[in-house]
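1. sequence first, then the predicted structure, then my questions.
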Amino acid sequence: MHVTEFVARVAAGEKMFPEIELTNADLAGLDLKQIKLPKARLTDVNLQGTNLTLADFSQARLIRVRLSGSHLFKASFFAAHLVGIDFCGANLHAADLERANLSNAYLRAAHLTQARLCQANLTGASLIGAHLTESDCRNANLSNADLTEAILSKTNFGGANLCCAKLPAGFPIV
C-alpha cells in the first residue's frame, strides 16, 4: 500500500490494516490511536511523536522504525520482531512486549512502567535511564543490555538472563 492511500484511509476512520507493508513513510505526529497493524511489515518508517495509544503491532516486523517520543500507552507488540527500533523517550506505559525481539533496541529514557516484557529478547538493548517500575521481565533475555540509571523498583526479573548486563548502582544481585 502506498503511504498516501494509508493516510487517506486512516483519515476516513479506518483502523484495521492487517499485514500492511509500508516502506520509507513519514507518519510523524499523526493520531493513530487504536490502529490495528497485526503482522505489519514496516521498514524505515518515521512515527516520531505519533499517538499510538492502544495500537496493535502483534507479530509485526518493524525494521529501522523511529518511535521516539511516541505515545504507545497499552500498545501491543506481542511477539513482534523489532530490528533497529528507536523507542527513545517513548511512552510505553502498560505496553505488551511479551515475546518481542528487541535485540539492540534503543529504549533510552523510555517509560515502560507496568510494561509486559515476559520472554522478550532485549539482548544488547540500550535501556539507559528507562523507567521499568512494576514491569514484568520474567524470563526475558537482558544479556549485554545497558540498564544504567534505569528505574527498576518493583520490576519482576524472575528467571531473566542478566548475564553481562550493565545494572544500576545498588541493584540487588540475587
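-> Now that the structure is in, tell me what you want to look at.
2. residues touching the closest residue in space to Tyr106 that isn't next to it in sequence, list them.
-> Nearest residue to Tyr106 in three dimensions, chain neighbours excluded: Asp86, at 4.7 Å (C-beta to C-beta, 6 or more residues apart in numbering). From N, CA and C alone the C-beta is placed, and that goes for glycine too. The neighbours of Asp86, taking C-beta atoms under 8 Å, 6 or more residues apart in numbering as the test, are Val65, Arg66, Leu67, Ser68, Ala105, Tyr106.
3. same question for Leu27.
-> For Leu27, the contacting residues are Val3, Val7, Val45, Asn46, Leu47, Thr50, by C-beta under 8 Å, 6+ apart.
4. pLDDT weak spots in the chain?
-> Filtered on pLDDT under 70, the chain yields the residue ranges 172-174.
5. strands of that one, residue ranges please.
-> Taking DSSP state E to define them, one finds strands in the chain at 21-23, 41-43, 61-63, 81-83.
6. out of the contacts of Asp86, who's nearest Leu30?
-> The shortest approach to Leu30 among the contacts of Asp86 belongs to Leu67, at 12.2 Å (C-beta to C-beta).
7. quick one: that closest one from Asn46, how far?
-> 9 Å (C-beta to C-beta, to the nearest Å).
8. and if you look at Asn91?
-> For Asn91 relative to Asn46 (C-beta to C-beta), the value is 17 Å.
9. neighbour count: the two, which is higher?
-> Neighbour totals were compared for Asn91 and Asn46, and Asn91 leads with 21 against 18 (other C-beta atoms under 10 Å).
10. quick one: the more buried one and Leu127, what's the gap?
-> In terms of C-beta to C-beta, Asn91 sits 15 Å off from Leu127.
11. picking that back up, and the contacts of Leu27, which are buried?
-> Applying 16 or more other C-beta atoms under 10 Å to those, the neighbour count classes Val45, Asn46, Leu47, Thr50 as buried.
12. tell me which of these fall in helices.
-> Judged by DSSP state H, those include no members of helices.
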